[in-house]
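Peer 1: sharing a model prediction with you, sequence too.
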Amino acid sequence: MFAQAEESTSRGARSSRIVKASRAKATYWTYRALNAAIAVVPELLAEMGGVIASYGMLVSDPDRRLLVARHQDRVAGTKLDEASSRQAVRRAYRHYARYWVESARLPAMPPAQVKTRMLRVEGFHHLKSAVEEGRGAIIALPHLGSWDFGGAWLALQGMPMTTVAERLNPPELFEWFARQRSSIGLSIYPMGADAGKAVLGVLRSGGIVGLVCDRDLSGNGVEVEFFGERTTIPAGPAALALRTGAALLPAAVYSGPGRDHHAAVLGRVPAEHSAGFRTDVARVLQEVALQLESLIRRAPEQWHMFQPNWPSDYDRSAWSPKATMDGKPYSEEDVAPKHPDRQGG
């Protein structure tokens, strides 16, 4: 009897693994097919498809929509009225769809077009000075606008950027993602010890490392105050700056006007040793968080924050019901996110 039970359990486990593997493969091929289609259709058609997709995401997931509204309230520093909140959420979804459409089309975009579509880079002299010093530069980025476009533009200036991204499932999806970014001049390493060694090597050779750091994907970040509430963000930017002496520069790449882009590079965040290493990391990260706030406030609708990011985001009692797009109130089931997944940038 026990042998039969064990055999049945083993068969069930094998079946579960097969199903998971099949779903992962389906995700991979679906992703690749959609990406290929977006890359080859006329630009206007791709943009229209993005608008339609954004509306589909908007209406299909009321709990996620409520979460986006909550984040927009945070940036505003107050609870937005119903009309302003709806408009902010609509724009956030539209810009998120634009980001994915542009990312799919970027590898095939002519270099001359990438150059001309970056209208201006405010504070670019901060980055140039840091590179000229020869100790490397760490660009601290929020999930805002189109950081991939900024990476492609930097590569065309002879200043290629290395970055770190969350591992994806299946592994083939990450490998394909890395090849896509490599084709525009971005070097990508998966999170882990090897990534740490790689970025240290880049900085010590005087190169540029870009780290998207407004979300703690690993779960072992450092606590800071971010938009008036305590949460954690990755320690990487501060730790690397303190260890290597590389310049730490908060920056963002914004979408618009129209199909163009513009960017802002802020001044260097001081990263000197003054206490214990952990204390120094926390101090530097707090300043990074403040600078990220200022960058996000310039275009809050372009902030791709669609996941819980503060402890209170997981607390049902902290949420306040808002109206849905059709004017009906949210149900009790919509109050807290059902699937606070992790989406990499």
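Peer 2: Thanks, I have it. Numbers count the residues shown, from 1 in each chain.

Peer 1: which other helices and strands contact the longest strand along the chain?
Peer 2: Among the elements of the chain assigned as strand by DSSP state E, the one spanning the most residues is strand 247-255. Where contact means 3 or more Cβ pairs under 8 Å, 6 or more residues apart in numbering; DSSP states H and E, strand 247-255 is packed against helix 82-105, helix 124-133, strand 137-141, helix 147-156, helix 236-244, strand 261-265, helix 277-298. In this view, the C-beta of every residue, glycine as well, is placed from N, C-alpha and C.

Peer 1: just want the angle from the longest one to strand 247-255.
Peer 2: In other words, helix 82-105. Between the axis of helix 82-105 and that of strand 247-255 there is an angle of 100 degrees, by axes from the mean of the first three to the mean of the last three Cα atoms, to 10 degrees.

Peer 1: tell me the mean pLDDT over helix 82-105?
Peer 2: Predicted confidence along helix 82-105 averages 96 (mean pLDDT).

Peer 1: low-confidence ranges in this structure?
Peer 2: Scanning the chain for pLDDT under 70 picks out 1-21, 316-345.

Peer 1: neighbouring contacts of the helix or strand where Glu47 lies?
Peer 2: Assigned by DSSP states H and E, Glu47 belongs to helix 43-60. Around helix 43-60, the neighbours that count as contacts under Cβ atoms under 8 Å, 6 or more residues apart in numbering are 38, 41, 64-65, 89-90, 93-94, 96-98, 100-101, 104-105, 259, 325.

Peer 1: name the residues of it that come out as buried.
Peer 2: Residues of helix 43-60 classed as buried under the neighbour-count rule (16 or more other Cβ atoms under 10 Å) are Ala46, Glu47, Gly49, Gly50, Ala53, Ser54, Met57, Leu58.

Peer 1: stretch 175-188 too?
Peer 2: Trp176, Phe177, Ala178, Gln180, Arg181, Ile184, Gly185, Leu186, Ser187, Ile188.

Peer 1: what does stretch 234-254 give?
Peer 2: Under the neighbour-count criterion of 16+ other Cβ under 10 Å, stretch 234-254 has 234-242, 244, 246-254 buried.

Peer 1: give me the number of residues near Ser22?
Peer 2: By the criterion of other Cβ atoms under 10 Å, Ser22 has 10 neighbours.

Peer 1: for it, identify the helix or strand it belongs to.
Peer 2: Under the criterion of DSSP H and E, Ser22 resides in helix 2-40.

Peer 1: tilt between the longest strand of the chain and strand 261-265?
Peer 2: Between the axis of strand 247-255 and that of strand 261-265 there is an angle of 160 degrees, by the same axes, to 10 degrees.

Peer 1: how far is strand 247-255 from where the chain is centred?
Peer 2: Offset of strand 247-255 from its chain centre (Cα atoms, centre = their mean, to the nearest Å): 13 Å.

Peer 1: nearest to Gly228 among the buried residues of helix 43-60?
Peer 2: Out of the buried residues of helix 43-60, the one with the shortest distance to Gly228 is Leu58. That distance is 26.4 Å, counting by Cβ to Cβ.

Peer 1: skipping adjacent residues, who's closest to Ala76 in space?
Peer 2: Leaving aside its chain neighbours, Ala76 sits nearest to Pro300 (7.0 Å; criterion: Cβ to Cβ, 6 or more residues apart in numbering).

Peer 1: now for that neighbour: which residues touch it?
Peer 2: Neighbouring residues of Pro300 by Cβ under 8 Å, 6+ apart: Gln72, Val75, Ala76, Ala88, Ala92.

Peer 1: could you dump those residues to JSON lines with distance to Gly207 and neighbour count?
Peer 2: Putting the contacts of Pro300 into JSON lines (distance: Cβ to Cβ, whole Å; neighbours: other Cβ atoms under 10 Å) gives the following:
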{"residue": "Gln72", "distance to Gly207": "36", "neighbour count": "22"}
{"residue": "Val75", "distance to Gly207": "32", "neighbour count": "18"}
{"residue": "Ala76", "distance to Gly207": "37", "neighbour count": "15"}
{"residue": "Ala88", "distance to Gly207": "37", "neighbour count": "20"}
{"residue": "Ala92", "distance to Gly207": "33", "neighbour count": "24"}
